[in-house]
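>>> Below is the structure, and that's it, no one-letter string:
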């Protein structure tokens, strides 16, 4: 249950309590006590009874309206939650559509292009569009090459000795890693320079 639904349930409970308090104020017993408290004529008793009935009707109308409004609020909240779940990827889809267009245009153009360099440039441009679209949605690449090995961001595929790269630093990347709004979505699979840190490759673990 979401926090919004919890708040609605709490508001509903508070409304029920208020309704019960109002009902207690105009209960049959309290009305009878008020009517019998003095030496009143039949006409006066009838007038007070009519006034009491009117007051009860007003309170009851408020109760019915309040409950109906609460049900409407709950229904709208459920629809909002349902729509949020259905269309949560709408912005992402809109960001990806230009990339799809570029890929389709590239496939059409490739039928008449013999220069591999032209095809490569087109693929590079489309790839850059895709990366840019992902970044706008909070999905960013993890920069790994030359960085010190970080087990929270990197997955060591193997370790090799290197005279050029400091120990326990990333030499190459097998597969790029990504973070989604600061949370690790996929670690970068890397080759690490051999050092003294306790970093084990997949081969060593196997």
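In hand now; what should we look at? Keep in mind it's a predicted model, so treat the numbers as computed, not measured.

>>> Is it correct that residue 135 falls within a helix?
Yes - Residue 135 sits within a helix when classified using DSSP: H, G, I helix; E, B strand; the rest coil.

>>> Check whether residue 165 sits in a helix, strand or coil.
Under three-state DSSP, residue 165 falls in the coil class.

>>> Residues in contact with stretch 177-187: which ones?
134, 138-142, 144, 152-155, 175, 188-189 (C-beta atoms under 8 Å, 6 or more residues apart in numbering). Quick note: C-beta positions are derived from backbone N, CA and C, even for glycine.

>>> And the buried ones among the residues you listed, selectable in PyMOL?
If you want just the buried ones from these in PyMOL, going by 16 or more other C-beta atoms under 10 Å, the selection is:
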select buried, resi 134+139+140+142+144+153+154+155+188+189
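
>>> so of the contacts of stretch 177-187, which ones are in strands?
Taking DSSP state E as the definition of strands, the contacts of stretch 177-187 contribute 139-141, 154-155, 175, 188-189.

>>> Show me which of the contacts of stretch 177-187 is closest to residue 116.
The shortest gap between residue 116 and any of the contacts of stretch 177-187 belongs to residue 175, at 24.7 Å (C-beta to C-beta).

>>> Residue 189 is in contact with that closest one, correct?
Yes - contact status for residue 175 versus residue 189: in contact at 4.1 Å, counting by C-beta atoms under 8 Å.

>>> What segments of the chain are helices?
Ranges of helices within the chain are 3-25, 28-35, 42-86, 90-110, 116-136, 202-205, based on DSSP state H.
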